[in-house]
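Peer 1: 3D model of this:
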Amino acid sequence: MKPMILATGTQSGGTTLVSAAFLKHPELDGILDMASDRIEVNLSAVTAPVTFVKMTTIAFRWQEVASVYEMHGYKPYPLMVVRNPFDVWVSLKKKWYGLNGLTAEDPPLFLRMQRFLEDWRLFMDSGYPVIQFEEFIESPEAQLRAVMEALPVTFDKAMLNPNTDLNSISYVAESNASFIESLDSGASDKVAFKQALITGREADWITRHFSEYNACYGYENNHKVNDEEINELRPFPFDNRRFLGFGSIALTRKTSPKYPQMVVSARKYLTEGRKVAIYGACEFGEYLAGVFAENGITVDCFFDSYSTPGSKIGGYQVKERDADNYFIVVASLAHSPDIKAALLADGISEECIFTYGDQN
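Peer 2: Got it, this is the predicted structure:
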């Protein structure tokens, strides 16, 4: 059977940073962020001796995914990343990909956390290797070396390289843009610890359900309790933005490196006195506006051929297409070449147009 390291954890649990370290190993290649609702078995691009797959416990538990890979001729070696569940919760509930939903693809956040807890108990009972994210931040080499004896590769200094070349990884699905950008910064306290707000009910639920887990690692709530916040234990209706980061086409798009490029470019043009606009009345456009907001960048407006100027898209005003003084992000994958051509015909310079449809 072909050896595979199957790594899991929670969303916002530090799995991306830890997995990035493994995928720098010369004998490993595979998936960074497998789609939550799809077990990817077509891994033909992987030629390294050992396949690495990074999943998070959302729609599937670790054991379920492992059994599918066994049926496809792999021998999965288990690996888990654990993190303070209070930190996980306050981070995840504010992320677009948290999608606290009511579907099999986007289950409620508390159900995802329960499934992860079941995975953790399996790992504890079986003696499977676990990396504690907070300890990894403090001493990555020690945490990596501690689990290598249970894995089919030995420690390699390349795993500590602070830079991450996403293009060297065969399969990269979309991740949070600011977090992808932080990969090139390596492990830091800024990545691991950020105080936020949590409701009393949320804190109580985590305290009760994760009591054994918290006692094992010394975790406690370090966030401000604010009962005026929306109670995130209550799932929201289905949100179709989920297709942007997950699903059957996620592995073929490899657009993640473009998010930090977009943010850097926008900041550059803002310092030059330009304004930021998004072209496209779609969920992708609204998501990109959220990426800008997360990075402290103000979107001035939307442009769209089929929307009436003066109307609103995601709270942003639609304006007439203007060649003057804008950095324009085209919110389309399939139609970006045609949209770009139309913008160029309007007299907008090519350097001020950012597209997602021209990458391999």
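Peer 1: Mind jotting down where the strands sit in the protein?
Peer 2: 2-8, 28-32, 50-54, 74-82, 130-132, 171-172, 197-198, 224-225, 275-279, 299-303, 312-313, 316-317, 326-330, 353-354 (DSSP state E).
Peer 1: Quick one: list the elements packing against the fourth one.
Peer 2: This points to strand 74-82. strand 2-8, helix 62-71, helix 109-126, strand 130-132, helix 133-138 (3 or more CB pairs under 8 Å, 6 or more residues apart in numbering; DSSP states H and E). For glycine as for every other residue, the C-beta is placed from the backbone atoms N, C-alpha and C.
Peer 1: thinking again about what came up before, for Val90, which of the strands of the chain is the nearest?
Peer 2: strand 197-198 (5.2 Å; CB to CB).
Peer 1: Direction included, what does that closest one pair up with?
Peer 2: strand 224-225 (parallel) (DSSP bridges).
Peer 1: ok, residues contacting the strand it pairs with?
Peer 2: 195-200, 203 (CB atoms under 8 Å, 6 or more residues apart in numbering).
Peer 1: one more time with 7 Å
Peer 2: Contacts of strand 224-225 with the rest of the structure, by CB atoms under 7 Å, 6 or more residues apart in numbering, involve 195, 197-200, 203.
Peer 1: how about the strands of the chain in JSON lines, adding mean pLDDT?
Peer 2: Output for the strands of the chain, formatted as JSON lines (pLDDT from 0 to 100):
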{"stretch": "strand 2-8", "mean pLDDT": "97"}
{"stretch": "strand 28-32", "mean pLDDT": "93"}
{"stretch": "strand 50-54", "mean pLDDT": "96"}
{"stretch": "strand 74-82", "mean pLDDT": "97"}
{"stretch": "strand 130-132", "mean pLDDT": "97"}
{"stretch": "strand 171-172", "mean pLDDT": "82"}
{"stretch": "strand 197-198", "mean pLDDT": "82"}
{"stretch": "strand 224-225", "mean pLDDT": "86"}
{"stretch": "strand 275-279", "mean pLDDT": "93"}
{"stretch": "strand 299-303", "mean pLDDT": "92"}
{"stretch": "strand 312-313", "mean pLDDT": "82"}
{"stretch": "strand 316-317", "mean pLDDT": "89"}
{"stretch": "strand 326-330", "mean pLDDT": "93"}
{"stretch": "strand 353-354", "mean pLDDT": "92"}
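Peer 1: among those, which is nearest Tyr287?
Peer 2: Of these, nearest to Tyr287 by CB to CB is strand 275-279, at 9.8 Å.
Peer 1: Would you mind finding the most buried of the helices and strands packed on strand 74-82?
Peer 2: Comparing these by mean neighbour count (mean count of other CB atoms under 10 Å), strand 2-8 comes out on top with a mean of 23.
Peer 1: looking at it, Trp89 is touching Asp204, isn't it?
Peer 2: No: if you go by CB atoms under 7 Å, Trp89 and Asp204 don't touch, sitting 11.8 Å apart.
Peer 1: ok, the two, which is more surrounded?
Peer 2: Trp89 (28 against 14; other CB atoms under 10 Å).
Peer 1: contacting residues for that one?
Peer 2: Here Trp89 is in contact with 198, 202, 206 (CB under 7 Å, 6+ apart).
Peer 1: Trp62: what's it in contact with?
Peer 2: Applying CB under 7 Å, 6+ apart, the residues near Trp62 are 6, 8, 78, 119.
Peer 1: Domains in this protein, by residue range?
Peer 2: Per automatic domain parsing, the structural domains of the chain span 2-192, 257-354.
Peer 1: Of those, flag the one that's most buried.
Peer 2: It is domain 2-192: most buried of those by mean count of other CB under 10 Å, with a mean of 19.
Peer 1: about what we covered before: how about the helices and strands packed on strand 74-82 in TSV, adding distance to Val41?
Peer 2: Shown next, in TSV, are those (distance: least, CB to CB, whole Å):
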stretch	distance to Val41
strand 2-8	11
helix 62-71	7
helix 109-126	20
strand 130-132	25
helix 133-138	28
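Peer 1: closest one to Gly14 among these?
Peer 2: Per CB to CB, nearest to Gly14 of these: helix 133-138, 3.4 Å.
Peer 1: just how off-centre is that closest one within its chain?
Peer 2: Averaging C-alpha positions (CA atoms, centre = their mean, to the nearest Å) puts helix 133-138 19 Å from its chain's average.
Peer 1: and it, what does it pack onto?
Peer 2: For helix 133-138, the packing partners by 3 or more CB pairs under 7 Å, 6 or more residues apart in numbering; DSSP states H and E come out as helix 189-192.
Peer 1: in the stretch 151-300 of the chain, which segments are predicted with low confidence?
Peer 2: Scanning the stretch 151-300 of the chain for pLDDT under 70 picks out 174-195, 228-258.
Peer 1: who wins for neighbours among the contacts of strand 224-225?
Peer 2: Neighbour-wise, those (other CB under 10 Å) top out at Ile198, 24 neighbours.
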